[in-house]
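[1] turn this into a model:
(one chain, ligands or ions: 2)
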Amino acid sequence: TRTTRPQRLLQAVSINAVRGDPDSVIKAIDHFCKHTEWAMNVGDEKGAILDLVVMETCPSTVLELGTYCGYSTVRITRLLPPATKLITVEMNPEYAHVARQVIQHAGLQDKVCVLEGESADLIPKMANMFGIQAFDFVFLDHWKDHYLPDIRLLEDCGLLAQGSVVLADNVVCPGAPDYLNYVRYNLKYSSRFYQAHLEYTRVLDGLERSEYQGD
Ligand SMILES: Nc1ncc2ncn(CCCCCNC(=O)c3cc(-c4ccc(F)cc4)cc(O)c3O)c2n1
Ligand SMILES: [Mg+2]
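    Ligands and ions are numbered 1, 2, ... in the order given. Now for the predicted structure:
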């Protein structure tokens, strides 16, 4: 039977990337997506903005919703100090399996926990599962119409604290209008937009950075 796109992406990583070298994994995926087959990774242009926001946040607890093949997981985790942990949620078991192998190829498996399931089901269990109070950094890259309900759920579960940073991918394409409206006009957030392009294309897109101001 035909391979899937994530399996073909993983093959490109195993052939072209150096084991234990996250930057070579990132380069191998971007090369595959630019020259062989488009895939919905955050990509190199938006990825550079993601890097900057992560570095300025210096988070010790990170949550990612929507792992896909683990590209942004590797981008974020490679910037984190040793003691930190990143929890990433993926509901598609096949994507999760590929992501674990991509993350392992990068040598980052000890800093990452790939959780399989729906964000709405897993978020309420996270405080107990991991003994955490709040997330310093959250990257939203799952169903675009789940961004708003899930940021509200994070608030209700007390998983956002003053200074927590939420970065959302694709706020222009495919778009998350209800989410943008909420974070831009709600006094609980200080929000700003980073104009960019849809990964590997010239289509306009962007990231929204929203800092939680506390209850
Ligand atoms: N609730 C829950 N909990 C956990 C979960 N884990 C996974 N999911 C489901 C996530 C399904 C993939 C989400 N990502 C996208 O749909 C996406 C799409 C495009 C795109 C596509 C075609 C175009 F023509 C233009 C742009 C570009 C992007 O950068 C995207 O990130 C979950 N859901
Ligand atoms: Mg995305």
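
[2] write out the residues of this structure neighbouring ligand 2.
    141, 169-170 (CB under 5 Å from the ion). All C-beta spots, glycine's among them, are computed from the backbone N, C-alpha and C.

[3] where does F137 land in three-state SS?
    Following DSSP: H, G, I helix; E, B strand; the rest coil, the label given to F137 is strand.

[4] ok, F32 to F135 distance?
    Using CB to CB, to the nearest Å, we find F32 at a distance of 30 Å from F135.

[5] how about Q109?
    Taking CB to CB, one finds Q109 at 20 Å from F135.

[6] so which of the two has more stuff around it?
    F135 (25 against 14; other CB atoms under 10 Å).

[7] identify the residue nearest the more buried one in space, chain neighbours excluded?
    L63 (4.6 Å; CB to CB, 6 or more residues apart in numbering).

[8] wasn't that neighbour part of a helix?
    No. Assigned with three-state DSSP, L63 falls outside any helix and is strand.

[9] so it sits against T84, correct?
    No. The criterion here is CB atoms under 8 Å, and L63 misses it with T84 at 11.9 Å.

[10] more crowded one of the two?
    L63 (30 against 17).

[11] who's in contact with the more buried one?
    Neighbour list for L63: 86-89, 126, 135, 137-139, 154, 159 [criterion: CB atoms under 8 Å, 6 or more residues apart in numbering].

[12] can you do 6 Å?
    Taking CB atoms under 6 Å, 6 or more residues apart in numbering, we find L63 in contact with 87, 135, 138.

[13] for V89, same thing?
    65, 115, 119, 122.
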